[in-house]
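Chemist: Next input, structure requested:
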Amino acid sequence: MNEIVGIFFIIAILSIAGLIFFHLLTRHRERAMLIEKGADASLFQTEPKKRNLFFTIILGSLLVCLSLGIGLGYVLDNLLTNMSESNVQFDRYRSNDHPGAYFFTIFLMLGVGFISSFFLHRKLILEKKN
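Modeler: This next block holds a predicted model:
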């Protein structure tokens, strides 16, 4: 089974490398043919684009909030585990894993991240207009 997985990954990597090589080779040939026909070499140079930082801000705030959600889920899970261990009355219902704590805090913090990215985007738009 491991040999099949290894062969699959080798074939996938070689095929991706072959596609990249083919793309670069055909692009080089196309440019060479255009230059032979008298096209200007500045045709291949592109102007630098203005960077839009909004996507970076959204992604950064969401990843920060996701990590905070995982961390708060860990803290909440430990808190619930300590509370269930101290309460011996419900011994048969006791469980050491609380996946609800992780789901709750991750989705809560992702919601906070979306709301904060909305306000950051609105602030950037207002600054751009002024």
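
Chemist: measure residue 121 to residue 66 for me?
Modeler: Here the criterion is C-beta to C-beta, to the nearest Å. By it, residue 121 lies 18 Å from residue 66. Quick note: C-beta positions are derived from backbone N, CA and C, even for glycine.

Chemist: Which helix or strand in this protein has the lowest average pLDDT?
Modeler: helix 54-86 (a mean of 80; mean pLDDT, DSSP states H and E).

Chemist: I'd like to know which elements that one is packed against.
Modeler: With contacts taken as 3 or more C-beta pairs under 8 Å, 6 or more residues apart in numbering; DSSP states H and E, helix 54-86 sits against helix 99-129.

Chemist: quick one: the helix it packs on to helix 54-86, angle?
Modeler: Orientation of helix 99-129 against helix 54-86 (axes from the mean of the first three to the mean of the last three C-alpha atoms, to 10 degrees) gives an angle of 160 degrees.

Chemist: so for helix 99-129, what's the average pLDDT?
Modeler: The average pLDDT within helix 99-129 is 83.

Chemist: Report the buried residues of it.
Modeler: Neighbour-count burial for helix 99-129, counted by 16 or more other C-beta atoms under 10 Å, picks out 101-102, 105-106, 109-110, 112-113, 116-117, 120.

Chemist: same deal with stretch 66-80?
Modeler: Using 16+ other C-beta under 10 Å as the test for burial, stretch 66-80 gives 68-69, 72-73, 76-77, 80.

Chemist: can the residues you listed go into JSON lines with extra columns for distance to residue 32?
Modeler: Output for these, formatted as JSON lines (distance: C-beta to C-beta, whole Å):
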{"residue": "68", "distance to residue 32": "53"}
{"residue": "69", "distance to residue 32": "53"}
{"residue": "72", "distance to residue 32": "58"}
{"residue": "73", "distance to residue 32": "57"}
{"residue": "76", "distance to residue 32": "62"}
{"residue": "77", "distance to residue 32": "62"}
{"residue": "80", "distance to residue 32": "67"}
